[in-house]
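K.L.:
Show me the folded form of this:
(chains A, B and C)
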Amino acid sequence: MSRIELEGVWKSFGDVEVIKGVDIVVEQGEFAVFVGPSGCGKSTLLRLVAGLESISKGEFRLGGKRMNEVSPDRRGIAMVFQSYALYPHMTVADNIGFALSLKKIPKPEIRKRVEEVAAILRMEDLLARKPVELSGGQRQRVAIGRAIVKRPQVILFDEPLSNLDAMLRVQMRAEIQRLHQEFGSTIIYVTHDQVEALTMAQKIVVLQGGAVAQIGAPMALYKKPENAFVAQFIGSPKMNLLPAQIERAGGDSCVARIGMQAISIPARAGFASGDEIRIGIRPEHIRVSKNGQSDLKSSVALIERLGSETYLHLEAEHEPVVVRIEGDMQADVGDEIGIVFDRVHCHYFNRSGSSVAA
Amino acid sequence: MAGGATVESAASQRRGNLRAYGILLFISFYCAVPFLWVLVASFDAKPSQFLRWPEDVTFSNYSNLFVNESGMLWLLNSVVVIGIATIIVLVFAGLGGYALSRTRAWWKAPLLYAIILVRIVPPPALIVPVYKVMLTLNDGVNATINAVVSDPSQALFLSRIFSFVDGYLGLILVLAAMQLPLAIWIMKTFFDAIPVDYEEAAALDGASTLQTLRRILLPLALPGLAAAGLFAFISAWGDFLMPLMFTSSPELQTLPLGLFRAFLRIDRIDYGFLTALAVIYTLPAVIAFSFARKFLTRTFSGGVKG
Amino acid sequence: MVGMTLSYEARKQLYLRLLMAPALLLMAGLIVFPAFYAIALSLTNEALLGFAARDSSFVGLRNFTRLFTDPLFWNSLKVTLIFVIGSAVIGQFAFGLLSALCLRRPIRFKAIFNSIIVLPNAVPEMVVGFIWISMYATGEYGTLNRIVGWFGVEPQQWLFSFPLMAIIIVNTWRGIAFAMILLTSGLESIPKDVYEAAKVDGATDRQIFFRITLPMLMPTIFLYMFVSTVTTFAIFGLVYTLSRGGPANSTEIIGIYIYNQSFTAFQLGYGAAVAVVSLVISMLIGVFYVRALKVKI
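P.N.:
Just a heads-up that it's a prediction; the model follows:
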């Protein structure tokens, strides 16, 4: 009963349109991640679902029922805030039990449910403390406890890990996924970190400028980005995008020109002579040529050696190109290097940024 | 003297410190000496207008305050009037500061600028029009009282309380109004620093507006309310102009006016009574100020700078 | 729209307006409306006594023409200007800055010096007048006369011979604390490494003060000047209890002048005209400040 549907949703603050016609479906029990750069509208979208902001146009349905006018506490939704928003003047137990106490649930019952939640989150010994006496990770747990004690159908997370250090972040990622499996609530999780999206989500919604850039499973987004924005946003280091011009189209293959150099690429129905395109290729799909045969000649600008892998930052025709190499490699800044693209993993984007299908 | 954090030779350091002691002693002398007379005279059995060492040290000036009816009356009047005015300021500024901090209305910025300007309106410039406004309101109040109550002594009693001129209500409201702009600024900047997340979390937890105000916002706002309340109290407690304008009956006089009028009766000034009362009158302000001090900088820079 | 129920956001925005209403109404009724009402009154011959008290009438700008030809009004403006500059701009600032700088040095009894300097700021206006009348008392037993007597100066009649200077000294005394506290926080906000860098560059103490400390303190000084100017401009009780504007109008700052014209001479219309001038002056200072510092809200 907790399928989330957003249909043609718009949100504007005064004259500023923040959400511009968004359609998203999150299935019951699904773990969905809304991801995008800051200002893309992902947090606003979450607040629309929570009921903290009103929807300007369009409809939000939960379990098939229209929710636009339902007040936040009647939606059966819990939210974990980026700042945690733990009430500083209450103990951990009072924080977790606050929602229950407002519903006039008898005290022993509240205590029982608070202790249950504390046990699930392994923080039984923290119940008497105030939020200031907790570490970042502990606060995070309390915030989650405050959400799950209400047994909500839907839990919303607003950048919940952004205030934690790298170690804790990995730990809490696993913890949140464990809770999802245990409770089966529908989860919407907002983050700007594409690594979090890739590792946690069953469904990723990439947002850009208040609109959906692409929706799909993590690996689908990684392998088949529908546009240049998603291609660059998902995956680290970023996909290389090289501006090129189609010189000769038609037949099985065509020739594209990158600066002064020509490269042959597979023919696509959408290509015509003179088209300006961008060729996208991830750093792991570029090889350094060893036999003099290469797609593109470049010079080394910077070498990052990480031990297990090496990143070559190259410059080809005044465009930066990053190449990932297993292990180490002998090279110096200024060296001329030829590189070869793995054609299977090349993506082609037209002028408007859409992927050009085969 | 260039400001602490530099390396100095021991000799120049010592010279600088000596000069600092000298300057501070001079300024402290300037600041402290005027207090000597009022303190010493209040313990003097035969006090005068001049500073002198008392021949007989006595506490009777203070104990007499409890016997002297007018002194006690002024003190009580002050406590009631300033107390209620401060409470009004706290409630209005607490709610108003919160609302101003959170509102998204397009007129938010113009209103805030307007409040800065309201804050710097000099009270003496308002006395004539405020007096006229209060007179008009007063006629209304007295007409109502006379219409509702027939017993003249009861009517007099009610008009003492609810009158706008020569009654408690008018003085209380006008004192509260004068403290409001600063208090609202203090509360507004205070609430600006409290994340809206708390209220939203409470809303998702199912708290009503009133529950959110009482159980979440009030506890969080206490330090801000303390600052706003202390400044409102100190300023209203020390104010002389408003009591001068709006009280004439002796039984309504608050401390500043009572002291002032007693001091004007040149022929029979009771210095022991007046100095002891002045000390008592000063104490609450000094105590409040010592608590308020740590808020001072933030309040004034925040209050005006926004 | 399906249904007319308001969303959380819309409801919240509505009740926020409700919550600010009492405060706004009180300020509007007793500050903003009277300020505009003063303008209306200033165009009438409203009075407390006599013919005009029963039947006041519109007199146009007559109060203002009278005002600008009234030597007492110009005297009052002059006295106010000297009072503000003497006490707020020079006296309080100089002593406040000196105290703030001295208290930054590694010396003893800091807390004691600090408390003594801060004390006058908390004292009610009436008590200030009261204790300084004793300070200024005439005859050889007056406290100030005894102090200057140590230096061989004859006893003076301070409030008669130097009335304006006398009230400037009192207001300076009262305001050192505010200047000191504000400037101290300004000094503390200057990062230590700036001083260290200047020292490494070979700056002397004097150079550091004039070329680092003072320029970096400017925003605080500016803020201080604004707040203390408008506060001093609005002073009434302190001077009223000391001198009531006398002798011979020599301490009749604008607040006192308004009061005397309105409630001693009973000319409300004329008093309102003076009030309008003082309102305009303080609003100009306020607008200038808001624009100059680009106040952010």
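K.L.:
buried stuff in stretch A:131-142?
P.N.:
Of the residues in stretch A:131-142, those buried by neighbour count under the rule 16 or more other Cβ atoms under 10 Å in any protein chain shown are A:131, A:134, A:137-142. For the C-beta atoms, the positions are set from N, CA and C on the backbone; glycine is no exception.
K.L.:
Do me a favour and get the end-to-end distance for it?
P.N.:
End-to-end distance for stretch A:131-142, by Cα to Cα, to the nearest Å: 9 Å.
K.L.:
chain center to that stretch: distance?
P.N.:
25 Å (Cα atoms, centre = their mean, to the nearest Å).
K.L.:
what about the stretch 151-297 of chain C, any weak spots by pLDDT?
P.N.:
Counting by pLDDT under 70, the ranges of the stretch 151-297 of chain C that qualify are C:294-297.
K.L.:
Tell me where it has helices.
P.N.:
With DSSP state H, counting those that start in this stretch as the criterion, the stretch 151-297 of chain C has helices at C:158-161, C:163-188, C:192-200, C:205-208, C:214-233, C:237-242, C:254-259, C:268-292.
K.L.:
so, in contact with chain B or not, the fourth one?
P.N.:
In this case it means helix C:205-208. Yes. With Cβ under 8 Å from any Cβ of the partner chain as the threshold, helix C:205-208 lies in contact with chain B, specifically through C:205-206, C:208.
K.L.:
which secondary structure elements does that helix contact?
P.N.:
For helix C:205-208, the contact count by 3 or more Cβ pairs under 8 Å, 6 or more residues apart in numbering or on different chains; DSSP states H and E identifies helix C:192-200 as packing neighbours.
K.L.:
State the next helix or strand along the chain beyond the helix or strand hosting residue B:262.
P.N.:
Under the criterion of DSSP states H and E, residue B:262 resides in helix B:255-264. Next helix or strand after helix B:255-264 toward the C-terminus (DSSP H and E): helix B:271-305.
K.L.:
From chain B, how far out is residue A:244?
P.N.:
In this view, residue A:244 and chain B are 47 Å apart by Cβ to the nearest Cβ, to the nearest Å.
K.L.:
List the contacts of the residue lying closest to residue C:174 once chain neighbours are set aside.
P.N.:
Excluding its sequence neighbours, the residue lying closest to residue C:174 (Cβ to Cβ, 6 or more residues apart in numbering or on different chains) is residue C:120, at 4.9 Å. Residue C:120 makes contact with B:31, B:34, C:128, C:173-174, C:176-177 under the criterion Cβ atoms under 8 Å, 6 or more residues apart in numbering or on different chains.
K.L.:
Turn the helices of the stretch 151-297 of chain C into CSV, columns for distance to residue B:291 and mean neighbour count.
P.N.:
What follows is these, written out as CSV (distance: least, Cβ to Cβ, whole Å; neighbours: other Cβ atoms under 10 Å in any protein chain shown):
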stretch, distance to residue B:291, mean neighbour count
helix C:158-161, 35, 17
helix C:163-188, 14, 22
helix C:192-200, 30, 14
helix C:205-208, 36, 15
helix C:214-233, 21, 18
helix C:237-242, 23, 24
helix C:254-259, 29, 27
helix C:268-292, 29, 21
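K.L.:
export those helices to TSV and tack on distance to residue A:78?
P.N.:
Conversion of these to TSV gives the following (distance: least, Cβ to Cβ, whole Å):
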stretch	distance to residue A:78
helix C:158-161	72
helix C:163-188	43
helix C:192-200	47
helix C:205-208	57
helix C:214-233	45
helix C:237-242	57
helix C:254-259	58
helix C:268-292	44
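K.L.:
which one of the ones you listed lies closest to residue A:248?
P.N.:
Using Cβ to Cβ as the criterion, the shortest distance between residue A:248 and the helices of the stretch 151-297 of chain C is 62.7 Å, found for helix C:192-200.
K.L.:
What count of nearby residues applies to the nearest residue to residue C:102 once chain neighbours are set aside?
P.N.:
Take residue C:102 and drop its neighbours on the chain: the residue closest to it by Cβ to Cβ, 6+ apart is residue B:20, 3.8 Å away. The local packing of residue B:20 (other Cβ atoms under 10 Å in any protein chain shown) involves 21 other residues.
K.L.:
Next: the one 4 residues further on.
P.N.:
As a burial measure, the neighbour count of residue B:24 was computed by other Cβ under 10 Å and equals 23.
K.L.:
wait, it sits on residue C:99?
P.N.:
Yes. The pair formed by residue B:24 and residue C:99 meets the contact definition of Cβ atoms under 8 Å, at 6.7 Å.
K.L.:
Report the set of residues contacting both of these two.
P.N.:
Residues touching both residue B:24 and residue C:99 comprise residue C:113, with contact defined as Cβ under 8 Å, 6+ apart.
K.L.:
can you list contacts of stretch C:58-76?
P.N.:
By Cβ under 8 Å, 6+ apart, the surrounding residues in contact with stretch C:58-76 are C:42-45, C:249, C:252-254, C:256-257, C:269-270, C:272-274, C:277.
K.L.:
repeat that for 7 Å
P.N.:
Outside of stretch C:58-76, the residues within contact range by Cβ atoms under 7 Å, 6 or more residues apart in numbering or on different chains are C:42-45, C:249, C:252-254, C:257, C:269-270, C:273-274.
K.L.:
Centre of the chain to that stretch, how far?
P.N.:
What separates the centre of stretch C:58-76 from the centre of its chain is 24 Å, taken as Cα atoms, centre = their mean.
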